[in-house]
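Chemist: turn this into a model:
(chains A, B and C)
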Amino acid sequence: MVSRRERAMAVVLGIALPLAGLIALEVASRAAWVNPIFLPPPSAILATFWAIIASGGFVAPLAQTLLLLFIGYGIGCVAAIVLGILMGSSRPVFNLFEPLTELLRPLPKPALLPALILFLGLGARMEITIVALGCFFPVLINTIQGVRAVEPTMINTARTFGHGTMAIWRRILLPASAPYILAGMRISLGLGLILVVTAEMIAGSGGLGDSILSAQRTFLVKESYAWLVILALLGLLLTWLFTWVERRLAFWNAPQTQ
Amino acid sequence: MSIATNRRSAKTGGASGAPVAGGRLLVDKIGKSFIGPDGAAVAAIGSVSLDVAPGEFLAIVGPSGCGKSTLLQVIAGLMTPSSGEVRLGEQDVTGEPAHMVYLFQQYSKSLLPWMTVANNVMFAFSHRFKLSNAAAHSRCRDYLAMVGLADFASHYPWQLSGGMQQRVAIARALAAEPQVLLMDEPFSSIDALTRLDLHSLILDLWTEKRFTAVLVTHDVDEAIFLADRVAVLTHRPAAISEVIETKLPRPRHSIETRESPEFLALRHRLLKYLLARNYEGAHG
Amino acid sequence: MTQAVLDPGARSLPRPRVSRWRDTRATGVLLVLALFALWEASARFGIVQSTNWPPFSTVMMTLVAGLGDGELTPLVLSTLWRMARGYAIGCALGVTIGFAIALYRPVHRLLLPTIELLRPIPIPAIIPPLIFLLGLGDALRLFAIAFACFFPVVLNTIAGVSSVEPVYHQVAETFGIPRVTALRRVIFPASLPFILAGLRTSLGIAFVVTVIAEMIVGNEGLGNYLVTMQFAMKTSEMYAGIILLTAIAYLLNRAFVAWEARAIRWARLVEAMRGDPR
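Modeler: Okay, the predicted model is just below:
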């Protein structure tokens, strides 16, 4: 049992470092130890951040980024889960697609951006495609592993009670491999965010990635940092949200393995 | 749970339908071989024949790794035999027969961790018997009450002890109302005292429900205490070397039965037999 | 990080009997070949009419020529050298800080919240503001690569050291082994499988981030080459670059996996022994 004092101590220590860092930056910038033009004091960045929030200027880029991210992520995950289940449960299907998967998996997905731009232009279709492609592989690999890791005893249990193939899929294989699938989806969500931002930076057609790079190119230093703060918050929020969903959907996983 | 095991046969617990009469379980010259890592066929079961009367309790004992579980899985229709056939009553057993249920040794893997205890039990019958939601729940409660776990319906299996988990598995197996219950070393990963308790429980339930019971075990005491007949399996490829009728009176009692001269004589005979075979197996 | 455990129940479901041919990946290799053939045919016979779609054979010849005449080789080396430096910095920091966090409670409390706070930042986003601070040179790209590599390594190191069986600590204590020796001889090897898993994850990340950084800023490396070739509409060169990047990523990963397997052979032996109930 952790005492109250100890917990308070942990919180204080946890906040101490970021706080000290911000204060150091503030002092260094105000005292001009670093060039305040290139590294404005955090208080000034915060003010700009608030200005962007208050003016609602963040809404359009954020909405665009999130929309494209979720569409691409959804397509990539669903396709990967379906193919992963097939590959994990059927040897011939696995043999058919494994070499292709092995060939495409190591491809650094951002490298596909120039090619995709040629075919799909600079807009939403290109961005959705790159996100879907990037999210596909982690989920695919994890789904295959998850389906293969299902205890034969669980399947035999369903069989001895006379459940058919469909019920075994729905009530045994899918839930049993859910922890693996969700772990893959967690990796893919982070990757998808990276890819959508990269694509926006290269395409320059709206979204948070475009906002941050445009701010840099037009020498809006404080805005550039403020957009970074917004993107960092978005990443943090998505992580928290996913962890929460994962705990609810695969609730049995943690206590069982304790 | 009372220690003495006994009682009437006809009266059934409130939940169940008609007592299951069922037909004879015939195992006719079953053989099973696997493809080994080198591609050659390895025989797990040579040729095994069994004839189990409806309502009988048969135990199959044999040394570790002799193919007992394989035999039981073939009987359950979970595995196809390489030769021979299994019949229940008039029907050939292929696939998973509706009237046989397999009780697994690994209760922790057989109970589904994402379902509550109640949902695990309903998993056994909800798709077969078209019951209303309320009827299904009440049936589930009745079976859980039979194993003394009525209060744990909304728990998850992993919140229960090993003995309790196997009780849930037993309740679930019986909730499917099988004519034949096939038990694969169901008590082997349970501590010794709880195991005695579960022996009494399974005998009580068997007396009450009158299903045919086939138990596979390496525990000679368990086999004698529970069964009407004990079949002894040889080393791989498995074959039946002897079938012994226990002829111990029922109801059986946890302590007295195990101390009776008849019990000890059977135990002596079986152990001597199995140990001699082990010795041969190790040196021959 | 799941480990295969020998499962006595697994033998109850024997693999279905399969013929030798069906057990190979012949169908899969054929599928890949068919797709390449389709690429070739669609470009050659004008099914896809586009300058964006050169035949596969042309792309491969461009690749071979590029490697042969030394146009691509310096780009590859420049990308790899950049990646290696950033990766080394990120991993060294990750392992060191990971050990400090796992072994000392105050360090744990001081650093972990900050790490959790910084980890979800999408890497490309840190590049534009950092251009102001670090300029357009390699310092910026090295920072981005090291930053991205740091997190998997530090988290896996913490997990690895924390997972070391208390028995190992006790064994070290029983024999009166000094702390530094215990760290080097007991804790480090026992947590090595985790650390290596983190290093492997980071290797892939390092390569991707290197390419991203080269694409967004600067005029060096394969990432920049891709973007330049796309602008110049030299599509054969662009596809050749993509294929080259894929090949490098594949080889890097295979080399690491082979080395990792040798480094932690003992760990798998321990796992196998633990998994066997008898």
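
Chemist: specify the local secondary structure of the residue positioned nearest the centre of chain C.
Modeler: Centroid-nearest residue in chain C: residue C:204, 2.1 Å away (criterion: Cα atoms, centre = their mean). Classification of residue C:204 by DSSP: H, G, I helix; E, B strand; the rest coil places it in helix.

Chemist: how about the stretch 51-200 of chain C: which residue is closest to chain B?
Modeler: residue C:163 (21.2 Å; Cβ to the nearest Cβ). Using the backbone N, CA and C atoms, a C-beta is placed for each residue, glycine as well.

Chemist: ok, back up a step: which SSE is the nearest residue to the residue nearest to the centre of chain C once chain neighbours are set aside in?
Modeler: Closest residue to residue C:204 apart from its sequence neighbours, by Cβ to Cβ, 6 or more residues apart in numbering or on different chains: residue C:253 at 6.5 Å. Applying DSSP states H and E as the criterion places residue C:253 in helix C:235-263.

Chemist: list the buried residues in that helix.
Modeler: Buried residues in helix C:235-263, counted by 16 or more other Cβ atoms under 10 Å in any protein chain shown: C:235-246, C:248-249, C:252-253, C:260.

Chemist: go on, stretch C:36-55?
Modeler: Those would be C:39, C:40, C:42, C:43, C:52, C:53, C:54, C:55, for stretch C:36-55 by 16+ other Cβ under 10 Å.

Chemist: those residues: which two are farthest apart?
Modeler: Of all pairs drawn from the buried residues of stretch C:36-55, the greatest distance, 15.3 Å, lies between C:40 and C:52 (Cβ to Cβ).

Chemist: list the contacts for the residue nearest to the centre of chain C?
Modeler: A:106, C:249, C:252, C:253 (Cβ atoms under 8 Å, 6 or more residues apart in numbering or on different chains).

Chemist: so residue B:32, which of the three states?
Modeler: strand.

Chemist: which other helices and strands contact the helix or strand hosting residue C:228?
Modeler: Taking DSSP H and E as the criterion, the element that holds residue C:228 is helix C:221-231. Applying 3 or more Cβ pairs under 8 Å, 6 or more residues apart in numbering or on different chains; DSSP states H and E, we find helix C:221-231 packed against helix A:113-120, helix C:73-103, helix C:188-216, helix C:235-263.

Chemist: out of these, nearest to residue B:102?
Modeler: helix C:188-216 (37.2 Å).

Chemist: the inter-axis angle of that closest one versus helix C:73-103?
Modeler: Counting by axes from the mean of the first three to the mean of the last three Cα atoms, to 10 degrees, helix C:188-216 lies at 140 degrees to helix C:73-103.

Chemist: what's around the residue in the stretch 51-200 of chain B positioned nearest to chain C, how many residues?
Modeler: Relative to chain C, the nearest point of the stretch 51-200 of chain B is residue B:106 (5.5 Å; Cβ to the nearest Cβ). With neighbours defined by other Cβ atoms under 10 Å in any protein chain shown, the count for residue B:106 comes to 23.

Chemist: which stretches of the stretch 1-150 of chain B have low pLDDT?
Modeler: Along the stretch 1-150 of chain B, segments meeting pLDDT under 70 span B:1-22.

Chemist: cutoff 80 now
Modeler: Within the stretch 1-150 of chain B, the segments meeting pLDDT under 80 span B:1-22, B:36-40, B:63-66, B:90-98.

Chemist: in it, what residue comes closest to chain C?
Modeler: Nearest residue of the stretch 1-150 of chain B to chain C, counting by Cβ to the nearest Cβ: residue B:34, 5.1 Å away.

Chemist: measure that residue to chain A for me?
Modeler: 15 Å (Cβ to the nearest Cβ, to the nearest Å).

Chemist: next: residue C:246.
Modeler: Distance from residue C:246 to chain A, by Cβ to the nearest Cβ: 4 Å.

Chemist: show me what contacts that residue?
Modeler: A:103, A:104, A:106, A:107, A:108, A:111.
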